[in-house]
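Trainee: Any chance you could fold what I've pasted below:
(one chain, ligands or ions: 1)
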Amino acid sequence: MIELKHLTKKYDHFLAVSDLNLKIETGEFFGLLGPNGAGKTTTIGMLSTLLLPSEGEIYIDGERLTRKNNRLKRKLSVITQEYSMRQDMTMDEIMEYQGRLYYMPIKKIRERSEELLDFCGLIDYRRRTVRKLSGGMKRKLMVCRALLTEPEILLLDEPTAGMDALARRQMWNLLKKLNQQNLTILLTTHYMEEAETLCDRVGFMCNGVLEETDAPKNMIELLGRYTVDEVCPGGMKNHYFHRKEDAIQFLSDSSNETSLRNTTLEDVFLEKVGQQLERR
Ligand SMILES: Nc1ncnc2c1ncn2[C@@H]1O[C@H](COP(=O)(O)OP(=O)(O)OP(=O)(O)O)[C@@H](O)[C@H]1O
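Mentor: As a prediction, this is how the structure comes out:
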């Protein structure tokens, strides 16, 4: 279990993450959502111990996480937004290099690499250099590399940023399969559909503050499962309804162009975070 207690990060006097309290259960898939600059990457940075909190603590399975606690740090693996891999190395070489960094026996590195590259659908490309991989393949390779040391928790900062629709879905399937094997996953994303599809729970962050956490389904239920989009003279308006009959009644009463659809997590996000952003 991951536990963040009063986690706070200041860059000089700028408060990037403010008094963040959050529990993520073992085996949970958690999504941290928020607009640009909300403090998501900073939170991942503190969890990976690359950044030191200004205040507060992080506990993993009840034990306090510090930079010096290598045994505890090995329970976590992080995938950042940058492709931090040598262009001239093959997949096999990337994996071997990583394993050696962690003093893994070569036999174990080879066995585990084979298993992971196969699991991620990369085995046929294992002798290809990073330079010749597509963006999606590079991201999957980063997942393989992060899992080599058999972590229990995977932290992913925008794992599908810039990916095309097919590569994104392949990554979703991969992350789902890993989570089904009881890997705890914390990801940040700007894609609400991604969070709605993958996450057991999501948290909305805005201006360094974690506003709300819940299952996407619950958030949608609370707002209203049915949305009517109405084209008004001033722009598009959304109306949310708990009962389909009420939404249909609204449609027939409206003189504007209207359409009925299911409410999505994106609607919830725009309702909650969008209003705060408009005030900025
Ligand atoms: N090294 C730094 N020094 C000063 N300010 C920083 C530093 N890193 C981040 N910030 C600021 O902290 C705030 C949070 O940044 P962070 O990168 O955590 O946001 P984010 O939610 O990950 O954004 P994005 O979705 O754009 O990646 C931003 O206002 C950012 O400008």
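
Trainee: Tell me which residues are up against the longest helix belonging to the chain.
Mentor: Looking across the chain with DSSP state H, the single longest helix is helix 165-180. By CB atoms under 8 Å, 6 or more residues apart in numbering, the residues outside helix 165-180 that reach it are 27, 29, 119-121, 134-136, 139-140, 143, 147, 154, 156, 159-160, 163, 185, 187, 191, 194, 197-198. Placement of C-beta: from N, CA and C, glycine included.

Trainee: redo that, cut-off 6 Å
Mentor: Helix 165-180 is contacted by residues 29, 120, 136, 160, 185, 198 when judged by CB atoms under 6 Å, 6 or more residues apart in numbering.

Trainee: cool, stretch 25-34 as well?
Mentor: Outside of stretch 25-34, the residues within contact range by CB under 6 Å, 6+ apart are 1, 24, 40, 179, 182, 184-188, 195, 198-206.

Trainee: ok, and which of those reach the ligand?
Mentor: Counting by CB under 6 Å from any ligand atom, the subset of those that neighbours the ligand consists of K40.

Trainee: Return the members of the contacts of stretch 25-34 classed as buried.
Mentor: In those, burial by neighbour count holds for 24, 40, 179, 184-188, 195, 198-206, counting by 16 or more other CB atoms under 10 Å.

Trainee: Of these, which belong to strands?
Mentor: Taking DSSP state E, the ones among those that sit in strands are 24, 184-188, 201-206.

Trainee: Could you identify the most distant pair in these?
Mentor: Put simply, by CB to CB the two of those set farthest apart are T184 and C206, 24.3 Å from each other.

Trainee: All the strands of the stretch 51-200 of the chain, in order from the start?
Mentor: Chain-ordered strands for the stretch 51-200 of the chain, with DSSP state E, counting those that start in this stretch as the definition, fall at 55-60, 63-64, 76-79, 153-157, 184-189.

Trainee: okay if I get those strands as CSV plus mean pLDDT?
Mentor: Formatted as CSV, the entries for the strands of the stretch 51-200 of the chain read as follows, by pLDDT from 0 to 100:
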stretch, mean pLDDT
strand 55-60, 97
strand 63-64, 96
strand 76-79, 93
strand 153-157, 95
strand 184-189, 96
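
Trainee: Could you export these as TSV, including distance to L101?
Mentor: Listed next are the strands of the stretch 51-200 of the chain as TSV, based on distance: least, CB to CB, whole Å:
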stretch	distance to L101
strand 55-60	21
strand 63-64	23
strand 76-79	12
strand 153-157	18
strand 184-189	23
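
Trainee: ok, back up a step: show the average pLDDT along the longest helix of the chain.
Mentor: Average pLDDT, helix 165-180: 90.
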